[in-house]
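Novice: Quick one, what's the 3D model for this:
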Amino acid sequence: MTTPFWTPDPESVARSRIADFARRYGLDADDYAALHRWSVTDLEGFWAAIWEYFDIEASSPYESVLAEERMPGARWFPGSTLNYTHHALRNLADQETAVVTLDETGAAHEITGGRLRAQVASVAATLRDLGVGAGDRVVGYLPNTPHAIVAFLAAASLGAVWSVCGQDYAPQAAADRFGQLEPTVLVAADGYLFNGTTHDRRAAVLELARALTTLKATVLVDHVGLPGLSENHPCLVLPWEGAATRTEELACVPVPFDHPLWVVFSSGTTGPPKGIVHGHGGVLLEHLKTLGLHSDLGPGDRLLWYTTTHWMMWNLVVSTLLTGAATCTYEGSPAPLIEPDILWRLAARHRVTLFGTSPQYLLGMAKFGIDPSAHDLSAIRAVGCTGSTLPASAHPWVRDRVGAEVLLASISGGTDVVSGFAGSAPNTPVWVGELSAPCLGVALAAYDAEGRPVVDEVGELVVTRPMPSMPLYFWNDPEGRRLHDAYFSAYPGVWRHGDWITLTSHGSVVVHGRSDSTLNRNGVRLGSADIHDVVERLPEITEALVIGAEEPDGGYWMPLFVVPAAGVELDDALRDRIRDAIRTGASPRHVPDEILQVPAVPHTRTGKKLEVPVKRLLQGAPAEQVVNPATVDAPELIDYYARLGEERRNSRTGA
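Specialist: Predicted structure coming up:
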């Protein structure tokens, strides 16, 4: 499609921060393509401009912007010292709202900039008294509440390294991550709320603390009102109330630009989770660019993005504070049974300007007949969407149910860079089923099988020049071998992300799915997302998963697994409708060999479909070699798909 579904309003563009940025540096505010071209051809000029535009305050100045342009190992802004926390708190007015804490009951509480600053100063002093200093690790076992934000900012203010995961993670799964870091302090809650149920996590906290043998102390958050931990806790236990209510002055420790800020972990579906380390300066610049320019956030704005603490979107959501905008935390189910449209009601009540969610959430709202327009959503300027490919059907639904002027910003990126590779901006049009453009500063390309850049053809997603937020290193990877193998083994000096994309001649980006789960039928590469998009538009289907499995006899089996909507059974008539939809909406080549009903599709805990692990289970790989059950949202599905594969192999051999 060459005609945009949505085009920006010229007056809104003129008022946007990205337009102001473009004008300041002599570019046409309406010409995003020219701005992007500058951002990737003149890396030093562009990132120096980001530094200047957002008034980065460094305790010592940088010697150059990019001392070494190589991947891996680019050196950004050497010589400079700064601190992320200082920048997160400096633009918050004492009496203005900085954080809005929300939950699925509709309860809300606002924390002012002054109060947030005081809490961070208090917790930082408590951590310092416990011996925490630059380079030490502080970890959180916490739901998405302000406690996690305060603890992170406090740790970062000292130059300590932060990592966090949600309490739906089993203690062993959390220990698999945190144990690698040898943390000094654990910050943990007594429990959390989800879908009307209060989950007691005191025993889990105790088990986790026992597994983390380097702990000096646990700071316990009395979040759901349960009695304290047992007396046989393996280390000192301090109450959050005491840690966060001291009267202290905040003094942020200046650290080098590439000093570690946090460790975020890969999903760990097929082995120990990889600890990905990002630096203070790289995150600071990348998130100011993303949130300040692409998302147009600034003082007076409010962001509500549904996330958990172990998804990289939590890290991005916290960085809202860098822009001077307020961020909203939300605890609970995104669509609780008692009030499935609670997020829209809260967005209306609290005048949210950027609402963020996932494609599955939007599809679910449409299929269950939820109408967000029942609420006053006039403050919303944009709906952000990430986590998987955004189906085409979401665009008219957002237009009709949220607002015709609202930008639906589909974003694709990764935990690896804790940001996006492609997305939208206030001055970009939107095409149905496509991402508007590569993000600023991202030298995005699609490589064919010979490693040549292609346009209007499916290719490997690569980034050909460095970004400041690329990983500094993997934890416990001193020689950088795992980092190299993860991103740079296919094309030396070029980042290969593992997605199939098409860069279109009108400047947009189409994401077809993971390249390591690509369907390869008779030598033709097909994107799984193209099939999922078509099938999941059907009202009779809740979710779909297509797999392409090579078989021992040289054959190729491409089944489509579908989860029917409530009250619907998969019969031959529905199978025919699915095939017709795929044939029309994708191509005849995309039509699967079989369509099978399943109870559910397995995901990582961050919502990504387990395409490769399911493929390997169907091929007969032992479950323990394929996926770690602790990383799966429904571990019982591992055995289910393993049995499916065994039954098929038995039927083919007559066993």
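Novice: low pLDDT regions in this structure?
Specialist: The chain contains residues with pLDDT under 70 at 1, 230, 267-271, 515-518, 520-526, 553-555, 653-655.
Novice: By residue count, tell me the biggest strand in it.
Specialist: Taking DSSP state E as the criterion, the chain has its longest strand at strand 495-503.
Novice: So what touches the helix or strand just after it?
Specialist: Moving toward the C-terminus from strand 495-503, the next helix or strand (DSSP states H and E) is strand 509-514. The contact list for strand 509-514 (CB atoms under 8 Å, 6 or more residues apart in numbering) reads 389, 412, 421-422, 433-438, 444, 458, 461, 498-504, 518, 526-530, 532, 611-612. Quick note: C-beta positions are derived from backbone N, CA and C, even for glycine.
Novice: so what strands line up beside the longest strand of the chain?
Specialist: Here strand 495-503 is paired, per DSSP bridges, with strand 458-463 (antiparallel), strand 509-514 (antiparallel).
Novice: now that strand: how far from the chain's centre is it?
Specialist: How far strand 495-503 lies from its chain's middle: 17 Å, per CA atoms, centre = their mean, to the nearest Å.
Novice: List the contacts of it.
Specialist: 71, 412, 414, 416, 421-422, 438, 444-447, 454-464, 470, 487-490, 509-516, 518, 525, 527.
Novice: rerun that using 7 Å as the cut-off
Specialist: The contact list for strand 495-503 (CB atoms under 7 Å, 6 or more residues apart in numbering) reads 71, 414, 421, 446, 455-463, 487-488, 490, 509-516, 518, 527.
Novice: List only buried entries from the residues you listed.
Specialist: 71, 414, 421, 446, 458-463, 487-488, 509-515, 518, 527 (16 or more other CB atoms under 10 Å).
Novice: who touches the closest residue to residue 225 other than its chain neighbours in this structure?
Specialist: Leaving out its chain neighbours, the residue that sits closest to residue 225 by CB to CB, 6 or more residues apart in numbering is residue 190, at 7.6 Å. For residue 190, the contacting residues are 201-202, 220-224, 226, by CB under 7 Å, 6+ apart.
Novice: same thing with residue 2?
Specialist: residue 506.
Novice: From residue 458, how far off is it?
Specialist: In this structure, residue 2 and residue 458 are 18 Å apart, going by CB to CB, to the nearest Å.
Novice: Over to residue 473?
Specialist: Per CB to CB, residue 473 is found 32 Å from residue 458.
Novice: likewise residue 195?
Specialist: For residue 195, the distance to residue 458 equals 39 Å [CB to CB].
Novice: Helix, strand, or coil at residue 143?
Specialist: With DSSP: H, G, I helix; E, B strand; the rest coil as the basis, residue 143 sits in coil.
Novice: Can you name the helix or strand that residue 162 falls in?
Specialist: Assessed by DSSP H and E, residue 162 sits inside strand 161-165.
Novice: Could you look up the SS state of the nearest residue to residue 366 once chain neighbours are set aside?
Specialist: Nearest residue to residue 366 in three dimensions, chain neighbours excluded: residue 397, at 4.8 Å (CB to CB, 6+ apart). Following three-state DSSP, the label given to residue 397 is helix.
Novice: count of neighbours near residue 397?
Specialist: 17 (other CB atoms under 10 Å).
Novice: and what of residue 39?
Specialist: 21.
Novice: is it fair to say it lies in a helix?
Specialist: Yes - counting by three-state DSSP, one finds residue 39 located in a helix.
Novice: Quickly name whichever of the contacts of residue 190 is closest to residue 477.
Specialist: residue 201 (30.9 Å; CB to CB).
Novice: Please give the element, helix or strand, for residue 277.
Specialist: In the assignment (DSSP H and E), residue 277 maps to strand 275-279.
Novice: Which elements pack onto that strand?
Specialist: Helices and strands touching strand 275-279, by 3 or more CB pairs under 7 Å, 6 or more residues apart in numbering; DSSP states H and E, are strand 260-265, strand 473-474.
Novice: So which elements touch the helix or strand that it is followed by?
Specialist: Under the assignment DSSP H and E, the closest C-terminal helix or strand after strand 275-279 is helix 280-287. Applying 3+ CB pairs under 7 Å, 6+ apart, one finds that helix 280-287 contacts helix 43-53, helix 84-90.
Novice: Pick the most deeply packed of those helices.
Specialist: helix 84-90 (a mean of 23; mean count of other CB atoms under 10 Å).
Novice: what's it packed up against?
Specialist: helix 113-129, helix 146-157, helix 280-287.
Novice: Just the C-alpha atoms of the last one, please, in CSV.
Specialist: The one in question is helix 280-287. Provided in CSV are the C-alpha atoms of helix 280-287 (Å, rounded to 0.1, in the frame of the first residue of the first chain):
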residue,chain,number,x,y,z
HIS,A,280,24.4,5.6,32.0
GLY,A,281,25.2,7.8,29.0
GLY,A,282,24.0,5.6,26.2
VAL,A,283,20.6,5.0,27.9
LEU,A,284,20.3,8.7,28.7
LEU,A,285,20.8,9.9,25.1
GLU,A,286,18.8,7.0,23.5
HIS,A,287,15.8,7.4,25.7
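Novice: Would you map the strands across the stretch 551-655 of the chain?
Specialist: Assigned by DSSP state E, counting those that start in this stretch, the strands in the stretch 551-655 of the chain fall at 556-557, 559-564, 594-597.
Novice: just to revisit the earlier point, between the strands paired with strand 495-503, which gets nearest to residue 20?
Specialist: The nearest among the strands paired with strand 495-503, by CB to CB, is strand 509-514 at 25.0 Å.
Novice: quick one: the closest one to chain centroid distance?
Specialist: Distance, centroid of strand 509-514 to centroid of chain: 16 Å (CA atoms, centre = their mean).
Novice: Next: stretch 319-327.
Specialist: Chain-centre distance of stretch 319-327: 17 Å, with CA atoms, centre = their mean.
Novice: which outside residues touch it?
Specialist: For stretch 319-327, the external contacting residues (CB under 7 Å, 6+ apart) are 87-88, 91-92, 97-100, 284, 287-288, 291-292, 297-299, 301-303, 317-318.
Novice: can you give me the helices for the stretch 251-400 of the chain?
Specialist: 280-287, 312-318, 342-349, 359-367, 394-401 (DSSP state H, counting those that start in this stretch).
Novice: mind putting these in CSV, distance to residue 127 included?
Specialist: Below are the helices of the stretch 251-400 of the chain laid out as CSV (distance: least, CB to CB, whole Å):
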stretch, distance to residue 127
helix 280-287, 17
helix 312-318, 17
helix 342-349, 32
helix 359-367, 36
helix 394-401, 43
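Novice: ranking those helices by burial, who's on top?
Specialist: For these, the largest average neighbour count (mean count of other CB under 10 Å) is found in helix 280-287, namely a mean of 26.
Novice: Just the angle for it relative to helix 146-157, thanks.
Specialist: Angle of helix 280-287 versus helix 146-157, following axes from the mean of the first three to the mean of the last three CA atoms, to 10 degrees, is 130 degrees.
Novice: thinking again about what came up before, what helices or strands is the strand holding residue 162 leaning on?
Specialist: Packing partners of strand 161-165 (3+ CB pairs under 7 Å, 6+ apart): strand 137-141, helix 146-157, helix 171-178, strand 260-265.
Novice: Can you say which of these is nearest to residue 234?
Specialist: Among the helices and strands packed on strand 161-165, helix 171-178 comes nearest to residue 234, with 12.7 Å by CB to CB.
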